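Asks: My questions are about this predicted structure, shown below with the sequence.
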Amino acid sequence: MEAAEPPGASGSGDSGNVSQSQSNASELGDEGDAVELLLSRAAAGYVELLDKSLEDLLTRVDEFVGMLDMIRNDSSQVVHESVPQIHMKATEMRQIYRKIDKLEAFVKMVGNNVAGMEERVAKAETDLGTFPNTFKKILHTISVPSFLNKSSSSRQPQTLYEPPALFKTEDYFTCLSEPPYS
């Protein structure tokens, strides 16, 4: 067995070591260039990715700012135009609500008057009978058996007709000369 020579020792195998060292150095140089090339490609890829991400982010920021401007403009329009219009309509509606309340009171009063008139008509029909006077006169001229004739003593004394107190629509609708919803 031969002993291995330490590196750098001269001998018959030196020429193989030198050429081997040169090829190792060239391989290291090639590997260094490859690493450098990979690093530069990776850096270029990261730069491209960052550029795209920044462009996308800037686009989204621009969209957000545009949306904020639109909201600000809409809010300004609402405050300066819509709110006064809503306030004006609310004032008009209060007037309409007052008219509706008055109309409801009028309808209730008319209903009470109609109910009172119906009571009077019903009382008059029971007091005077339901036949009109012309039919009564015709029936009195015909001879009627005595059991159909009512004695005058069984009838209640006739009361004089008193007309009910009627209302005037002008008292309740003073706005007839005014334009509607004013």
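Replies: Structure's in. What do you need?

Asks: Which element is encountered next along the chain beyond the helix or strand of the chain with the lowest mean pLDDT?
Replies: Considering only helices and strands, the least confidently modelled element of the chain by mean pLDDT, DSSP states H and E is helix 133-141, at a mean of 60. Scanning forward in sequence from helix 133-141 by DSSP states H and E, the next helix or strand is helix 169-172.

Asks: For that following helix, enumerate the helices and strands it packs against.
Replies: Counting by 3 or more C-beta pairs under 8 Å, 6 or more residues apart in numbering; DSSP states H and E, the packing neighbours recorded for helix 169-172 are helix 83-128. Quick note: C-beta positions are derived from backbone N, CA and C, even for glycine.

Asks: now the helix it packs on: mean pLDDT?
Replies: Confidence over helix 83-128, taken as the mean pLDDT, stands at 90.

Asks: Remind me what that helix packs against, helices and strands.
Replies: The helices and strands touching helix 83-128, judged by 3+ C-beta pairs under 8 Å, 6+ apart, are helix 169-172.

Asks: now the helix it packs on: mean pLDDT?
Replies: Averaging pLDDT along helix 169-172 gives 76.

Asks: List the buried residues of it.
Replies: Of all the residues in helix 169-172, not one is buried under the rule 16 or more other C-beta atoms under 10 Å.

Asks: just the CA coordinates of that helix, formatted as PDB?
Replies: Taking Å, rounded to 0.1, in the frame of the first residue of the first chain, the C-alpha atoms of helix 169-172 are listed here in PDB:
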ATOM      1  CA  THR A 169    -120.800  72.500   5.100                       C
ATOM      2  CA  GLU A 170    -119.400  76.000   4.700                       C
ATOM      3  CA  ASP A 171    -118.900  76.000   8.500                       C
ATOM      4  CA  TYR A 172    -116.600  73.000   8.200                       C
END
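
Asks: how near is residue 38 to residue 45?
Replies: Remark: distance between residue 38 and residue 45 (C-beta to C-beta, to the nearest Å) = 10 Å.

Asks: go on, residue 124?
Replies: Using C-beta to C-beta, one obtains 108 Å as the distance from residue 124 to residue 45.

Asks: Then residue 60?
Replies: Counting by C-beta to C-beta, the gap from residue 60 to residue 45 is 23 Å.

Asks: Please apply the same query to residue 165.
Replies: With distances defined as C-beta to C-beta, the gap from residue 165 to residue 45 amounts to 101 Å.

Asks: These two - which one has more neighbours?
Replies: Neighbours around residue 165 and residue 45, counted as other C-beta atoms under 10 Å, are more numerous at residue 45. The numbers are 10 against 7.

Asks: Now the more buried one: which helix or strand?
Replies: With secondary structure defined by DSSP H and E, residue 45 is part of helix 14-77.
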